[in-house]
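1. This is a predicted model, with the sequence first.
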Amino acid sequence: MRDNEDQRVDGGRRTWLIATTVAGGLGGVATVVPFVGSFAPSEKAKAAGAPVEVDISGLKPGDMMTVAWRGKPVWIVNRTDEMLADVKRADPELADPHSKKEFTMPLPEYCNNEFRSRPEHKNLFVAVAVCTHLGCTPTPRFQEGAQPNLPDDWPGGFLCPCHGSTYDMAGRVFKNKPAPQNLDIPPYMFTSATSLVIGKDEKGEA
């Protein structure tokens, strides 16, 4: 009789051990799957680094729009002929007129020119709107001439409100300012006459 009871106890213990092991195994799987899933980038993270397509059909001469790319503001300015002339006029007053010093990214080869833009669309200026001093966002000051916090012969451009660094209409920093480098120009390309992609060009994604 005792043997039969022992067999029942052992059988019950064996059943309990099997059930516990299986449950534990399933719990382990349930824990591992979300953990492994956490390695995959979220949609938000992918969007933050992905190229951004922009419709510029409504961007009139003299206007500017701002879009986000990699969590940073990027300007697109439709420069007028007068603004392009101001770029040339600013050359003698700039710290790095030929953009020899890189900031956080190399200047795209197709923007290595006087206007820092694609030659076939020289009026359209695309730049990362992050001051190269301490990372503030400069404000547009397109109007020429004397005005608060700017010189009397101001040719038009951008003013950083944090520490007074100034940039011309091609994002090049003026001499004797806290900012040490010109604004970054991201890779970009036109997909049509009214659309461009920031963060991607003929060489691929940035």
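-> Thanks, I have the structure now.
2. the helices in the protein, which residues?
-> Residue ranges of the helices in the chain, as given by DSSP state H, are 2-37, 43-49, 81-90.
3. In terms of mean pLDDT, which of those ranks lowest?
-> Mean pLDDT is lowest for helix 2-37 out of the helices of the chain, coming in at a mean of 42.
4. Any stretches of this structure with poor pLDDT?
-> 1-48 (pLDDT under 70).
5. how about 80 then?
-> 1-49, 206 (pLDDT under 80).
6. domain parsing for it?
-> By the assignment in automatic domain parsing, the chain contains the domains 1-40, 46-205.
7. from those, which stretch is densest packed?
-> Ranked by mean neighbour count, the domains of the chain are led by domain 46-205 with a mean of 17 (mean count of other CB atoms under 10 Å). Glycine gets a C-beta too; all of them are placed from N, C-alpha and C.
8. chain center to it, what's the gap?
-> Domain 46-205 has its average C-alpha position 13 Å from the chain's average C-alpha position, going by CA atoms, centre = their mean, to the nearest Å.
9. Can you show me the strands along the protein?
-> 52-55, 64-69, 72-78, 124-128, 139-141, 157-159, 166-168, 188-192, 195-198, 200-201, 204-205 (DSSP state E).
10. angle of the second one against strand 124-128?
-> Think strand 64-69. Angle of strand 64-69 versus strand 124-128, following axes from the mean of the first three to the mean of the last three CA atoms, to 10 degrees, is 40 degrees.
11. What lies in contact with strand 64-69?
-> 51-52, 54, 56, 59, 73-78, 128-129, 140, 186, 198-199 (CB atoms under 8 Å, 6 or more residues apart in numbering).
12. That's all I had, so thanks and see you.
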